[in-house]
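Chemist: model the following, please.
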Amino acid sequence: MNVLTTARAGNFAGFAACAAMMGYALYSQHGLGLEPCPLCVFQRVATIALGGVFLIAALHNPSGLGRLAYAALTFVVAAAGVGVAGRHVWLQNLPQDQVPACGPDLGFMLEAFPLTEVLSVVLSGSGECAEVSWRFLGLTMPTWVLISLALLGCWGVWTNRPVR
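Modeler: Numbers count the residues shown, from 1 in each chain. Below is the predicted model of the structure:
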């Protein structure tokens, strides 16, 4: 079997893609001065979690049902990230008069409220999440994250599919 077609290599490639996404996210924050909004932070968490699944799958290198479990796990984690990114894209495309008001800072909410309430508030979105401060080829960063996580989810399912 060719090394480029093994599940281990595919999972390492998925991990590398997630690491590259996080590297650019940190560069955009610290190098370009783009502070992440709460939904951006949740997308980062999804990217890190997906990268973790890919890394564990690569190190474990299972067969049979183990591969199926990793295929399902990459799908679920990627789908959660796509959901958050999709919500962010939706907020960014609302008409200006329908954008929700800005809420409290994520750090403050994590200190002041229970986690379930923080999740509810963040996922409902706020005005700061609707701001567009970066575009590449006409698409915003959350749109690129949505596309990337969707492709990585498909990659994880395909790479970890049980083969006979």
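Chemist: Val89 touches Leu139, doesn't it?
Modeler: No. Val89 is not in contact with Leu139 according to Cβ atoms under 8 Å; the separation is 9.1 Å. Quick note: C-beta positions are derived from backbone N, CA and C, even for glycine.
Chemist: need the helices for this structure, in chain order.
Modeler: Counting by DSSP state H, the chain has helices at residues 7-30, 38-60, 65-92, 106-112, 115-124, 127-130, 141-159.
Chemist: any idea of the angle the second one forms with helix 65-92?
Modeler: Regarding helix 38-60 and helix 65-92, their directions subtend 170 degrees when assessed with axes from the mean of the first three to the mean of the last three Cα atoms, to 10 degrees.
Chemist: follow-up on the earlier one: Val89 and Leu139 - which one has more neighbours?
Modeler: For Val89 versus Leu139, neighbours defined as other Cβ atoms under 10 Å are more numerous around Val89 (19 against 13).
Chemist: got the helices of the chain as CSV, with mean pLDDT columns?
Modeler: Shown next, in CSV, are the helices of the chain (pLDDT from 0 to 100):
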stretch, mean pLDDT
helix 7-30, 95
helix 38-60, 94
helix 65-92, 92
helix 106-112, 67
helix 115-124, 68
helix 127-130, 64
helix 141-159, 95
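Chemist: and stretch 71-81, which residues are buried?
Modeler: Burial within stretch 71-81, assessed by neighbour count using 16 or more other Cβ atoms under 10 Å, is assigned to Ala71, Leu73, Thr74, Phe75, Val77, Ala78, Ala80, Gly81.
Chemist: cool, stretch 143-151 as well?
Modeler: Taking 16+ other Cβ under 10 Å as the basis for neighbour counts, the residues of stretch 143-151 that come out buried are Thr143, Trp144, Val145, Leu146, Ser148, Leu149, Ala150.
Chemist: Ala72 is in contact with Arg161, correct?
Modeler: No. Using Cβ under 8 Å, Arg161 is not in contact with Ala72, being 10.5 Å away.
Chemist: excluding chain neighbours, what is closest to Gly156?
Modeler: Spatial nearest neighbour of Gly156, excluding adjacent residues (Cβ to Cβ, 6 or more residues apart in numbering): Thr74 at 2.7 Å.
Chemist: likewise for Leu65?
Modeler: For Leu65, the nearest residue in space outside its immediate sequence neighbours is Pro162; the separation is 7.4 Å by Cβ to Cβ, 6+ apart.
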